[in-house]
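>>> Return atomic coordinates for the entry below.
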Amino acid sequence: MKRYINGGTGGIFRDAQANKGLSPLALIELVAKTYTAFFKPWQKRIVELPPNFAQPIIAPIPDACMSAASKEFALAFLNESRKLIASIP
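Numbers count the residues shown, from 1 in each chain. Predicted structure coming up:
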């Protein structure tokens with residue numbers, strides 16, 4: 001999951017010469033380094049979330065809209081993203 005999260009690209013480029021956008025996690029790391037005072041309070045809020053924070057949001061989605069496998073993937077993705085954000089110094 002970590003490789004999947006790190007491999008994704010977004011629409012925000014580090015500079016005009018970049019060939020592809022930063023991954024969402026790389027963007028968060030850049031913000032953490034560049035705007036520490038802005039980032040730290042939000043990181044603290046994310047750290048305080050319980051590991052299963054998204055379960056009550058995702059579980060009620062009807063199976064016709066989101067398969068069980070998709071729900072499992074989304075929960076794993078969000079939980080791993082939470083851990084990665086929490087580990088940013």
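>>> CA atoms for contacts and neighbours, from now on please.
OK.
>>> Assign a three-state SS to residue 18, would you?
On the three-state scheme (DSSP: H, G, I helix; E, B strand; the rest coil), residue 18 is labelled coil.
>>> Look up how far residue 11 lies from it.
11 Å (CA to CA, to the nearest Å).
>>> And residue 63, by the same measure?
30 Å.
>>> give me the number of residues near residue 64?
Using other CA atoms under 10 Å, residue 64 is surrounded by 7 other residues.
>>> Repeat that for residue 81.
A count of nearby residues for residue 81, using other CA under 10 Å, gives 19.
>>> Hmm, it is touching residue 3, no?
No. Using CA atoms under 8 Å, residue 81 and residue 3 do not qualify as a contacting pair, with a distance of 11.0 Å.
>>> Now do the buried residues in the longest helix anywhere in the chain.
Using DSSP state H to define each element, the chain has its longest helix at helix 68-86. In terms of neighbour count (16 or more other CA atoms under 10 Å), helix 68-86 has its buried residues at 71, 74-82, 84-86.
>>> Kindly present those residues as TSV, with separate columns for pLDDT.
What follows is the buried residues of helix 68-86, written out as TSV (pLDDT from 0 to 100):
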residue	pLDDT
71	97
74	95
75	95
76	94
77	93
78	94
79	94
80	93
81	93
82	94
84	94
85	95
86	94
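>>> from those, which single one is nearest residue 38?
Of all the buried residues of helix 68-86, the one with the least separation from residue 38 (CA to CA) is residue 85, at 14.0 Å.
>>> distance of that closest one from residue 2?
11 Å.
>>> Next: residue 62.
Relative to residue 2, residue 62 is positioned 27 Å away (criterion: CA to CA).
>>> More neighbours: these two, which one.
Per other CA under 10 Å, whichever of residue 62 and residue 2 has more neighbours is residue 2, with 13 against 10.
>>> Can you pull the phi and psi angles for the more buried one?
Listed backbone geometry of residue 2 is phi -60, psi -40, with angles given as degrees, to the nearest 10.
>>> Next one: it, what pLDDT does it get?
Looking at residue 2, its pLDDT is 85.
>>> Then residue 12?
The confidence metric pLDDT takes the value 86 at residue 12.
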